[in-house]
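Trainee: sequence? don't have it. structure:
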């Protein structure tokens with residue numbers, strides 16, 4: 001039997017030479033360019049530089065061939081004459097090919113000293129690099145100056161570039177950090193890092209069968225603010241952005257095919273800490289740098305991606321700088337200074353792909369396990385104590401703590417599309433991507449106020465400051481900014497998450513102290529409030545509201561499943577400061593400080609899709625299933641401060657707990673948006689709410705304070721669909737089996753025609769020919785044929801033949817005929833005739849075995865997918881929740897199957913079904929009971945038969961075609977190793 005061509009065959013057949021051989025003879029003249037080129041050989045770095053120097057001369061096409069080995073570059077960077085550091089290509093025109101000699105394996109190592117290749121400005125050459133590993137490039141310059149870092153592996157300033165079977169590994173572009181400020185002066189800002197692996201300024205660029213692995217672009221951190229001596233502390237410098245961990249495209253046309261971006265990353269620089277101050281206010285922490293495009297950043301131009309993957313790319317936005325502390329140098333001060341606020345965390349956007357402008361088309365690609373992580377806010381600075389021991393009436397108020405910085409936002413765990421740009425996703429999978437907002441910074445603690453040795457004394461602790469708010473999260477899969485356009489077709493967005501950051505905790509209030517006075521009051525400062533959690537919008541897709549233009553998305557023949565939008569929890573309130581009226585105090589009273597209030601638990605909205613104000617969302621022939629929107633918990637109230645007094649003391653009351661906002665729109669949510677849902681299914685989604693924060697306890701004292709009140713929870717709304725304002729329409733759409741406190745299926749007012757809404761509670765529906773209050777009898781989300789999973793409408797469903805086809809669609813989501821001849825079904829799935837049920841021949845009767853598995857044998861429709869299900873209740877029907885335990889894909893016209901089913905101790909009942917890819921899955925065939933006795937495992941056995949396509953035969957073309965190909969290659973002088981397929 002003929003075998004499929006092996007992966008080795010395709011690797012060893014050079015695609016350029018094969019293309020020439022397969023093309024018409026009139027195109028073979030293109031080979032003359034290589035045949036007429038001048039070839040230079042290199043065996044070490046010195047001869048490699050010499051070869052490139054020779055090739056840089058104008059007027060010829062050149063080839064540089066390298067012998068096997070690792071070429072480690074040395075010498076200084078920012079030198080552009082090819083003398084040291086990177087390999088400078090300055091050829092003004094023509095073509096240059098750099099490749100290994102026949103059979104050689106070549107690595108060029110930048111030695112973490114400079115990039116590897118620099119195609120300089122002024123060059124008009126087309127450079128082709130083949131079959132080479134480019135590793136350990138590291139730059140802090142843009143090719144000529146240290147303003148920003150560009151292209152850790154390759155910097156293309158001008159000309160064209162083709163990379164074929166090239167690995168770019170462990171290359172980095174790292175911006176320089178800012179400098180620390182002089183005393184009392186601000187720190188300077190860091191410099192940006194762009195294109196850890198490759199930086200493209202423009203031109204025509206092609207990547208074919210390439211890998212970008214563990215490359216990074218990092219922004220420099222901000223400098224620390226200068227110390228303030230009898231002055232305010234300097235502010236921290238801002239961190240810089242990291243853009244394009246794998247590749248940065250500034251312009252031109254880029255085609256990427258069969259490439260992998262693996263574990264590439266970007267990191268924004270941290271904000272510099274604010275300077276501490278002695279007799280002055282503390283400096284403010286610097287704002288952190290953003291992180292965009294962990295895999296690919298497109299600043300402008302046209303980019304086409306096909307058959308490629310982005311795996312585990314990460315955006316680490318920088319953390320905000322901490323605020324500087326403050327203290328007083330005087331023993332006679334009446335009021336303290338203010339500590340510096342923490343800086344804001346950086347934003348993380350587009351972990352796999354960031355599109356700032358231009359257009360990007362993505363086809364048959366996967367974006368999996370990528371993460372956009374917003375930076376944490378910096379902590380507020382702490383204030384020191386204030387003492388006043390001078391005068392007959394003495395007042396001392398402690399310094400105020402600094403506010404915690406807000407957490408940075410996160411948007412587009414998979415991809416981010418900025419205003420004015422467009423992104424197209426066709427036959428793609430986006431799964432397991434995350435947009436995680438940064439946590440708010442901790443509020444700074446307040447200083448003590450100490451007043452003593454006076455007839456009248458007042459000592460008050462300073463007020464603490466609030467924790468920073470958590471950063472928002474938008475679009476766990478894809479974020480679409482106002483003015484941007486997204487098109488999705490035949491794709492799956494599954495298990496993506498938008499998670500808001502948690503609010504920072506409030507700082508503790510300062511202590512109030514009086515002593516050695518005949519009349520006095522000591523009061524503890526109030527604790528700071530907890531920061532609010534960050535909102536979350538769009539577990540899979542978020543269309544952002546904005547005045548700069550509407551965000552637009554069209555999603556067709558796609559499945560949006562098991563995504564989550566979860567708001568962040570509020571921070572806890574800080575404790576109130578204690579009060580002390582002691583040390584020979586007559587008529588002294590001590591009041592403990594109030595506890596801070598807990599922060600708000602933020603809402604999660606649109607577990608599957610969120611459309612903001614002015615946004616336009618169209619969903620056609622698609623399924624939205626199993627998504628969730630949830631809110632964060634409210635923060636707990638802070639404890640009241642203690643009061644200690646010789647005469648009287650009052651404890652501080654506890655702070656109130658934070659409220660919890662509502663989760664809305666488990667499947668889809670709109671906020672003053674235009675939403676059209678056509679021939680689609682929105683089912684099995686949920687909306688939930690977090691818990692309210694508890695009230696804080698009161699402190700100790702002779703007179704007790706009060707407990708803080710618990711926060712207020714909110715009811716979740718719109719398990720399937722939530723809409724506030726805007727326009728929503730449903731046409732031939734199922735809205736069913738969703739859940740939430742209010743409006744289980746829909747919390748909205750909308751138009752609907754020929755649609756099925758199972759639960760109309762809290763829904764206002766306008767339109768006609770609708771089915772309400774009835775269960776559509778949907779199957780589970782599974783492979784029912786076609787490129788994406790769907791939920792079938794089963795026998796007896798009221799959705800059968802009750803729909804409409806206003807868009808004149810020819811197929812359903814799977815690609816099956818939209819009208820089966822009896823009318824159009826409601827929803828994304830059109831019921832078809834059933835596949836014939838399989839016939840099980842073994843076991844033919846009840847069996848008793850001692851093994852951990854059993855081979856179920858039988859026949860089914862040729863080339864069908866045979867599934868074995870567990871029949872837990874032995875009723876002969878595949879019920880919801882009964883899982884498939886094994887399967888086998890028949891191929892090549894085969895009808896016989898043998899599938900190993902795992903067994904557990906006791907009776908094992910199974911069902912067998914068949915699915916031919918055109919008709920619906922068959923009714924189940926009952927498999928006789930298989931009983932396991934002693935010797936069988938107590939748990940499930942081994943796995944079942946998998947997709948056995950290894951024996952599929954493919955025409956290999958053995959015969960004259962191979963002789964013609966070999967002869968033509970020999971004629972052209974391009975013969976390479978061609979492995980002729982064997983015949984068994």
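Mentor: Yes, it's here. Nothing here was measured: the structure is a model prediction, and the numbers come from that model.

Trainee: in contact with the residue nearest to residue 80 when sequence neighbours are not counted, which residues?
Mentor: In this structure, residue 80 finds its nearest non-sequential neighbour in residue 88, 5.2 Å apart by Cβ to Cβ, 6 or more residues apart in numbering. (C-beta placed from N, C-alpha, C; glycine too.) Counting by Cβ atoms under 8 Å, 6 or more residues apart in numbering, residue 88 makes contact with 52, 79-82, 118, 120.

Trainee: at 6 Å instead, please
Mentor: The contact partners of residue 88, taken as Cβ atoms under 6 Å, 6 or more residues apart in numbering, are 80, 82, 118, 120.

Trainee: my read: the third one touches residue 155, true?
Mentor: Yes: in this structure, residue 118 sits in contact with residue 155. The criterion is Cβ atoms under 6 Å, and the distance is 4.8 Å.

Trainee: common neighbours of these two, please.
Mentor: Counting by Cβ under 6 Å, 6+ apart, the residues touching both residue 118 and residue 155 are residue 143.

Trainee: hang on, the earlier thing: element containing the residue nearest to residue 80, please.
Mentor: strand 87-89 (DSSP states H and E).

Trainee: which neighbours in the sheet does that strand have, and how are they oriented?
Mentor: Using DSSP bridges, the strands paired with strand 87-89 are strand 117-119 (parallel).

Trainee: can you pull the buried residues of the strand it pairs with?
Mentor: 117-119 (16 or more other Cβ atoms under 10 Å).

Trainee: adding pLDDT, write the residues you listed out as a markdown table.
Mentor: Below are the buried residues of strand 117-119 laid out as a markdown table (pLDDT from 0 to 100):
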| residue | pLDDT |
| --- | --- |
| 117 | 98 |
| 118 | 97 |
| 119 | 96 |
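
Trainee: which one of those residues is nearest to residue 868?
Mentor: residue 117 (54.4 Å; Cβ to Cβ).

Trainee: the strand holding residue 88: what's the following helix or strand?
Mentor: strand 95-100.

Trainee: and the helices in the stretch 851-984 of the chain, which stretches?
Mentor: 960-972 (DSSP state H, counting those that start in this stretch).

Trainee: with adjacent residues omitted, what lies nearest to the residue most central in space within the chain?
Mentor: In the chain, the residue lying closest to the centroid (Cα atoms, centre = their mean) is residue 413, at 1.8 Å. Excluding the flanking residues, the one nearest residue 413 by Cβ to Cβ, 6+ apart is residue 433, at 3.5 Å.

Trainee: next, count neighbours for that neighbour.
Mentor: By the criterion of other Cβ atoms under 10 Å, residue 433 has 32 neighbours.

Trainee: distance check, it against residue 326.
Mentor: 43 Å (Cβ to Cβ, to the nearest Å).

Trainee: still on that earlier bit, of all the buried residues of strand 117-119, which comes closest to residue 777?
Mentor: Once Cβ to Cβ is applied, the member of those that ends up nearest residue 777 is residue 117, at 61.4 Å.

Trainee: now that the closest one has come up, it's in contact with residue 87, right?
Mentor: Yes: at 5.3 Å, residue 117 and residue 87 qualify as touching, with contact defined as Cβ under 6 Å.

Trainee: so who does the closest residue to residue 724 other than its chain neighbours touch?
Mentor: For residue 724, ignoring the flanking residues on the chain, the nearest one in space by Cβ to Cβ, 6+ apart is residue 671 at 5.3 Å. When contacts are counted by Cβ under 6 Å, 6+ apart, residue 671 touches 612-613, 724.

Trainee: apply 7 Å and report the result again.
Mentor: Going by Cβ atoms under 7 Å, 6 or more residues apart in numbering, residue 671 touches 545, 612-613, 724-725.

Trainee: packing partners of the host helix or strand of residue 841?
Mentor: Element membership of residue 841 [criterion: DSSP H and E] is strand 839-842. Applying 3 or more Cβ pairs under 7 Å, 6 or more residues apart in numbering; DSSP states H and E, one finds that strand 839-842 contacts strand 853-859.

Trainee: strands paired with the strand it packs on, and their directions?
Mentor: Strand pairing for strand 853-859, using DSSP bridges, gives strand 839-842 (antiparallel), strand 896-902 (antiparallel).

Trainee: which of those strands is buried the deepest?
Mentor: Per residue and on average, the most neighbours among the strands paired with strand 853-859 fall to strand 896-902, with a mean of 20 (mean count of other Cβ atoms under 10 Å).

Trainee: Three-state assignment for residue 47, please.
Mentor: Assigned with DSSP: H, G, I helix; E, B strand; the rest coil, residue 47 falls in the helix class.

Trainee: what about it, how many residues nearby?
Mentor: 16.

Trainee: now swap in the one 3 residues further on and tell me
Mentor: Under the neighbour criterion other Cβ under 10 Å, residue 50 is assigned a count of 15.

Trainee: same question, residue 485
Mentor: 20.

Trainee: cool, residue 921 as well?
Mentor: 24.

Trainee: so it sits against residue 783, correct?
Mentor: No: Residue 921 is beyond contact range of residue 783, at 9.2 Å (criterion: Cβ atoms under 7 Å).

Trainee: doesn't residue 104 belong to a helix?
Mentor: No: the assignment for residue 104, made by three-state DSSP, is coil rather than a helix.

Trainee: ok, it - contacts?
Mentor: 66-68.

Trainee: switch the cut-off to 10 Å
Mentor: By Cβ atoms under 10 Å, 6 or more residues apart in numbering, residue 104 lies in contact with 65-69, 131-132.

Trainee: now distance to residue 268 too, for these, in TSV please.
Mentor: As requested, the contacts of residue 104 are exported to TSV (distance: Cβ to Cβ, whole Å):
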residue	distance to residue 268
65	42
66	37
67	42
68	40
69	38
131	35
132	31
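
Trainee: list buried residues within those.
Mentor: 65-67, 69, 131-132.

Trainee: where exactly do the strands run in the stretch 651-800 of the chain?
Mentor: Using DSSP state E, counting those that start in this stretch, the strands found in the stretch 651-800 of the chain span residues 668-671, 674-678, 681-683, 686-687, 721-724, 727-731, 734-736, 746-753, 756-757, 763-766, 771-772, 778-782, 790-793.

Trainee: distance-wise, check the residue nearest to residue 413 relative to residue 475.
Mentor: Distance from residue 433 to residue 475, by Cβ to Cβ: 9 Å.

Trainee: which one of the contacts of residue 104 is nearest to residue 42?
Mentor: residue 66 (4.9 Å).

Trainee: and the pLDDT for the closest one?
Mentor: pLDDT recorded at residue 66 is 98.

Trainee: one more: residue 204?
Mentor: 96.

Trainee: next up, phi/psi of it, please.
Mentor: Main-chain torsions, residue 204, degrees, to the nearest 10: phi -110, psi 130.

Trainee: so it bridges to which residues?
Mentor: Where residue 204 sits in a bridge, its partners, by DSSP bridges, are residue 253.

Trainee: so it touches residue 304, yeah?
Mentor: No: counting by Cβ atoms under 10 Å, residue 204 does not reach residue 304; the two are 11.7 Å apart.

Trainee: no more questions from me, cheers.
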